[in-house]
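Chemist: pasted the sequence and its predicted model underneath.
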Amino acid sequence: MAGVRSKHTTPELAVRKLAHKLGYRFRLHRRDLPGSPDLVFPKHRVVVQVNGCFWHGHDGCRHAATPSSNVEFWRKKIDANRARDARTTTELTGMGWTVLIVWGCEIRDEVALVSRLRAAMPS
């Protein structure tokens, strides 16, 4: 697990490239915000979290299957990640931020991702 990156992942880079192409300007991993969100759009008060399906337990996704070995460890780990994500989202919304969660499996559908980004940004 030491080799698993938490910043600048392939799905995150894809979202950043798309957001930039759409003309949105953002900051990366602002440590003054809860959870250090992947992308922060200060002008729009929107944060984007790019979550890996396996690590964050994406419901109904084939990439989120629990490994068959050491099941209890993985279940606890993923449940803790989900609880932390929920806590962070609650804190950010309480501070007036809109939180958009983008899953790793959603990156392939660029059209849907564009519409989700545009819908999250106030006019």
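Modeler: Ah, there it is. From a predicted model like this one, the values you see are computed outputs, not experimental measurements.
Chemist: mind listing the helices for this structure?
Modeler: Per DSSP state H, the chain carries helices over the ranges 10-21, 53-56, 71-94, 110-120.
Chemist: going by mean pLDDT, which of those helices comes out lowest?
Modeler: Lowest mean pLDDT within the helices of the chain: helix 53-56, a mean of 93.
Chemist: what's next to that helix, contact-wise?
Modeler: 4, 61, 63-65, 78, 81-82, 85, 103-105 (Cβ atoms under 8 Å, 6 or more residues apart in numbering). For every residue, glycine as well, the C-beta is placed using N, CA and C.
Chemist: okay, the helices of the chain in CSV with mean neighbour count and distance to residue 45 next?
Modeler: Formatted as CSV, the helices of the chain follow (neighbours: other Cβ atoms under 10 Å; distance: least, Cβ to Cβ, whole Å):
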stretch, mean neighbour count, distance to residue 45
helix 10-21, 16, 15
helix 53-56, 18, 23
helix 71-94, 13, 10
helix 110-120, 13, 10
